[in-house]
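>>> Here is a sequence together with a model predicted from it:
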Amino acid sequence: MRLKIFAVNAAIVLIVGLLSFVIVRQSVLSAATSPGQIKQRSVRDSQAVSARLQLDGLRIERWLAERATEPAAADVFTKSTASAKGDAATAFCDSVASAAKSAFSTAPSLVAFVGADGKILGRNGSPLERGEDVGAVYPLVKASLTKGTAGSDVWVARKTDKYVVSYVPVRDANGKATALLVLGMSLNDALGKVADLTGGGVAVYVSDGKASVPAASSGDAVTALQQEAADEVQTAIASGNSTSGQGQGAVFAASPLEGFGDGKHVAALTVGQTTLIDSPAALALPVLGATALGLVLVFVAAGFLGAYIINPINTLEEGLLAIVNGQGDKRFNLEHEELGGLAFRIDQLLNTLMGVEEDTSDEQGRLSRPPSAVGYEAPSEGADSAASLAGEPAEAYYLRLFAEYIAAKKELSEATDHITEPTFRARIQAMEGEAAQKHGRPVRYQVKRADKEVQLLAVPLS
């Protein structure tokens, strides 16, 4: 029984659990690998990186504009010799670099003072690059000097490190731009700050108008896609809009950095995974865990339910086997919500088959229902009846009671062949024990005939 209960319920739990696992897994995979949503996420990532780089450039420009108005900046042009101007420019750049580290939590890689001719007058930490013509390498430097405007750009053509630079004009007393104050952060450091905005990697591309060349990248995934993504980057730069593509098992998107240089030669590329969720199939695994828990609970419930049903059934089976083997006085008196009624009916059937009626008297020995007047023999009441029964020897009492019971049955034309004296005696003794517990004292029985039936009336003994 327990195995059947467990097998049926376990099969239901397994079917429901596995079906739920398949449905949830398929739903998660479909949602996590939606091409449209993946491309949208990649485009948003590239736009976020582009916006962050441009915002950082604007912040540095505003900060540099304040540094460019300091007296030390104008003092560079008061020196009489080129060497003195270079030393003053270097000292000023060192002070700006120190202040920038406190302002931006990152030390700049380059702080340079560029003269009106586009050549470096001095830079922080070293005199070696004095006289280098950055204006010839980056035409936007001279354009900014001519217009007196600030800006940001990516410098990758120089032999030294690659930078994300911001620059502002340094003006003389007449408001004319006489020099540029340039602050550059390492391009790799700048990419490291924005890499957390995307799930994959990020790169910066610089275009010469015909093709885009990767300047720097933050990871191997971006490096593997650099050439494949070059066309998409060039399209983004030329159109001024974000674009997306796919290759090497990854999705990428490019967005132009419109605030850098002339707005037509720098773009940010971000690379993401082809799924919106890492290990989407694993999200359905808790369903299998819940199914396993369900099987454990089914096993426990099957044990309790089996015991609740099997134990009383075993009691009935053992009792019936005892009756078959000759224990005619065996009765069940089983208290069970489901099987108690069946046990009571079996007791009634056994009493009928063995010709022994249950005691229907109350605690005072009175019949539980009024007998009809026809054929009724009033029982003897009082202490005389109890005393008479108490004084009768046990052997004589049981023989007399059996003889009276059989005679009363025959008077009502009832069959008595199946009733034997040993069986009758054993049942009477069992009933006496039960009645004695009910009345709190020993009892003996009298045979009474009422309402065309034979009853056994318990008489408590004094």
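Perfect, thanks for sending it.

>>> What's the local residue count around the spatially closest residue to Leu121 that is not a sequence neighbour?
Spatial nearest neighbour of Leu121, excluding adjacent residues (Cβ to Cβ, 6 or more residues apart in numbering): Ala89 at 4.2 Å. Any C-beta I mention is one placed from the backbone N, CA and C, and that applies to glycine too. Using other Cβ atoms under 10 Å, the number of residues around Ala89 comes to 30.

>>> hang on, Ala89 in a strand?
No. Per DSSP: H, G, I helix; E, B strand; the rest coil, Ala89 lies outside any strand segment and is helix.

>>> Leu269 sits in which helix or strand?
Taking DSSP states H and E as the definition, Leu269 sits inside strand 266-272.

>>> who does that strand touch, helix- and strand-wise?
helix 35-67, strand 201-207, helix 220-239, strand 250-256 (3 or more Cβ pairs under 8 Å, 6 or more residues apart in numbering; DSSP states H and E).

>>> so where do the helices sit in this protein?
2-32, 35-67, 71-75, 82-104, 134-137, 139-147, 187-194, 220-239, 285-324, 340-354, 383-391, 394-411, 421-439 (DSSP state H).

>>> Asp161: which of these is closest?
Among those, the nearest to Asp161 by Cβ to Cβ is helix 187-194 (7.7 Å).

>>> what's the angle between the closest one and strand 201-207?
Following axes from the mean of the first three to the mean of the last three Cα atoms, to 10 degrees, one obtains 130 degrees for the angle between helix 187-194 and strand 201-207.

>>> got the angle between helix 187-194 and helix 35-67?
Counting by the same axes, to 10 degrees, helix 187-194 lies at 120 degrees to helix 35-67.

>>> Count the residues that sit near Val300.
If you count neighbours by other Cβ under 10 Å, Val300 ends up with 11.

>>> What of Thr69?
Thr69: 12 surrounding residues under other Cβ under 10 Å.

>>> need the contact list for it.
By Cβ atoms under 8 Å, 6 or more residues apart in numbering, Thr69 lies in contact with nothing.

>>> Tell me which residue is most central in this structure.
A centroid search over the chain (Cα atoms, centre = their mean) returns Pro286, at 6.8 Å, as the residue closest to the centre.

>>> Please give me every residue in contact with the residue nearest to Ala179 when sequence neighbours are not counted.
In this structure, Ala179 finds its nearest non-sequential neighbour in Val170, 4.2 Å apart by Cβ to Cβ, 6+ apart. Counting by Cβ under 8 Å, 6+ apart, Val170 touches 68, 73-74, 113, 177-181.

>>> now, the most widely separated pair of these?
Ala74 and Leu180 (14.0 Å).

>>> In terms of packing, which of the two has more residues around it?
For Ala74 versus Leu180, neighbours defined as other Cβ under 10 Å are more numerous around Leu180 (28 against 17).

>>> That one touches Ala143, doesn't it?
No. With contact defined as Cβ atoms under 8 Å, Leu180 does not reach Ala143; the gap is 10.8 Å.

>>> count of residues packed around His336?
Other residues near His336 come to 17 when the count uses other Cβ under 10 Å.

>>> Sorry, slip of the keys, the one I care about is Gly391.
Gly391, neighbours per other Cβ under 10 Å, totals 9.

>>> right, and His336 touches Ala343 too?
Yes. Using Cβ under 8 Å, His336 makes contact with Ala343 at a distance of 7.1 Å.

>>> Overlap in contacts, these two.
Taking Cβ under 8 Å, 6+ apart as the criterion, His336 and Ala343 both touch Pro312.

>>> Can you name the residues bridging to Val206?
Bridge pairing for Val206 (DSSP bridges) gives the partners Val213, Val266.

>>> Pull the number of nearby residues for it.
Count around Val206 with other Cβ under 10 Å applied: 23.

>>> ok, it touching Lys162?
No. With contacts counted by Cβ under 8 Å, Val206 stays clear of Lys162, the gap being 9.3 Å.

>>> overlap in contacts of the two?
Common contact partners of Val206 and Lys162 (Cβ under 8 Å, 6+ apart): 154, 156, 215.

>>> What does the second one show for phi and psi?
Reported as degrees, to the nearest 10, the phi and psi values for Val156 are phi -130, psi -10.

>>> Look up how far Leu197 lies from it.
Distance, Val156 to Leu197, using Cβ to Cβ, to the nearest Å: 22 Å.

>>> One more: Gly57?
Gly57 is 16 Å from Leu197, by Cβ to Cβ.

>>> Those two - which one has more neighbours?
Set Gly57 next to Leu197 and count neighbours by other Cβ under 10 Å: Gly57 wins out with 24 against 18.

>>> Spatially, and excluding backbone neighbours, which residue is closest to that one.
Of all residues not flanking Gly57 in the chain, Ser152 sits nearest, at 3.2 Å (Cβ to Cβ, 6+ apart).

>>> Touching, the one you found and Val182? I think so.
No. With contact defined as Cβ under 8 Å, Ser152 does not reach Val182; the gap is 10.3 Å.

>>> The two: who's more crowded?
Shown here are Ser152 and Val182; by other Cβ under 10 Å, Val182 has more neighbours (27 against 22).
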